[in-house]
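A.B. asks: sequence plus the predicted model coming up.
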Amino acid sequence: MPIEPKNSRFDLPDPLTAEGDVVAVGGDLAPGTILQAYRKGMFPMHLPDGHLGWWSPVERTVIPLNGLRITRSLRQSSRRYIVTVDRDFAGVIAGCVYPERDESWITSEFVEAYSELNRLGWAHSIEVWDSERELVGGLYGISIGGLFAGESMFHRTTDASKVALVHLVVVMNEGGGSLLDVQWQTPHLESLGAVVIGRETYLDHLERALTMPGPFAGSSTGATG
């Protein structure tokens, strides 16, 4: 079972009180604060001015677990790679930082925070390896009950991140997952079957998901954060 961290010293507001995507500003990235946010339908990301923001998009993007689009070429790629779960969380989050960019929203502070959540059993990774056992893609996110909140993915070879997503959907379908949250719509996600729903609808789905068993072994439900 995941280890429940100490309660946050901050009380994040209800997302339905916010007019835009940003619900609150400030706080910290302590495990209790982050888990409270996901349980309320938010996630952390720095604002352009550098302050820590807590986001709940008015138009939220999810991938229906029965609606992932898998092309013939993606099926072939899925057979070409080796896929593991929680084998190399550090390698996956490092791959998602994109060091070739001048800036990345995944700062060292975020790496430390989500790595701690991985140690506590809340953050999980899907790794994709080539035949030489080299890490070539993956994704990571937060699992609470039937929710998996995808944070980021990366690839170094063709279709590697898509293969990670395919495997995640398999894990969720087989293990009782119900809500795959991918935050904002992009052409890439749309091509894979992602759909946009309203914030209120998302929060309704989230409430149900938090009462369900988790897709990862021992994943806890939505206890107080």
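C.D. replies: Looks like it came in fine.
A.B. asks: C-alpha from now on. contacts and neighbour counts both.
C.D. replies: Noted.
A.B. asks: remind me which residues of the chain are low pLDDT?
C.D. replies: 99-104, 217-225 (pLDDT under 70).
A.B. asks: can you pull out the strands in it?
C.D. replies: Using DSSP state E, the strands assigned to the chain run over residues 22-25, 43-46, 52-55, 59-62, 82-85, 123-129, 135-144, 147-155, 179-183, 195-198.
A.B. asks: quick check: the residue nearest the centre of the chain vs Glu134, distance?
C.D. replies: Nearest residue to the geometric centre of the chain (C-alpha atoms, centre = their mean): Gly150, 1.8 Å. Distance of Gly150 to Glu134, given as C-alpha to C-alpha, to the nearest Å: 23 Å.
A.B. asks: how about Asp28?
C.D. replies: 35 Å.
A.B. asks: kindly state the domain boundaries assigned to the chain.
C.D. replies: 15-56, 61-209 (automatic domain parsing).
A.B. asks: how far out from the middle of the chain is the longest one?
C.D. replies: Offset of domain 61-209 from its chain centre (C-alpha atoms, centre = their mean, to the nearest Å): 6 Å.
A.B. asks: repeat for the first one
C.D. replies: On the basis of C-alpha atoms, centre = their mean, the separation between the geometric centre of domain 15-56 and that of its chain is 14 Å.
A.B. asks: that one spans what distance, first to last residue?
C.D. replies: By C-alpha to C-alpha, one end of domain 15-56 lies 6 Å from the other end.
A.B. asks: show me which helix runs longest in this protein.
C.D. replies: helix 160-175 (DSSP state H).
A.B. asks: which strand residues bridge the nearest residue to the residue nearest to the centre of the chain once chain neighbours are set aside?
C.D. replies: Closest residue in space to Gly150, ignoring its immediate chain neighbours: Gly141 at 4.3 Å, by C-alpha to C-alpha, 6 or more residues apart in numbering. Beta-bridge pairing of Gly141 under DSSP bridges involves His124, Gly150.
A.B. asks: tell me which of Asp28 and Glu134 has more neighbours.
C.D. replies: Taking neighbours as other C-alpha atoms under 10 Å, Asp28 and Glu134 compare with Asp28 leading, 17 against 10.
A.B. asks: give me phi/psi at that one?
C.D. replies: Main-chain torsions, Asp28, degrees, to the nearest 10: phi -150, psi 180.
A.B. asks: quick check: closest non-adjacent residue to it.
C.D. replies: Using C-alpha to C-alpha, 6+ apart and skipping the chain neighbours, the partner closest in space to Asp28 is Leu52 (7.7 Å).
A.B. asks: wait, doesn't that neighbour sit right on His46?
C.D. replies: Yes. Using C-alpha atoms under 8 Å, Leu52 is in contact with His46, at 4.3 Å.
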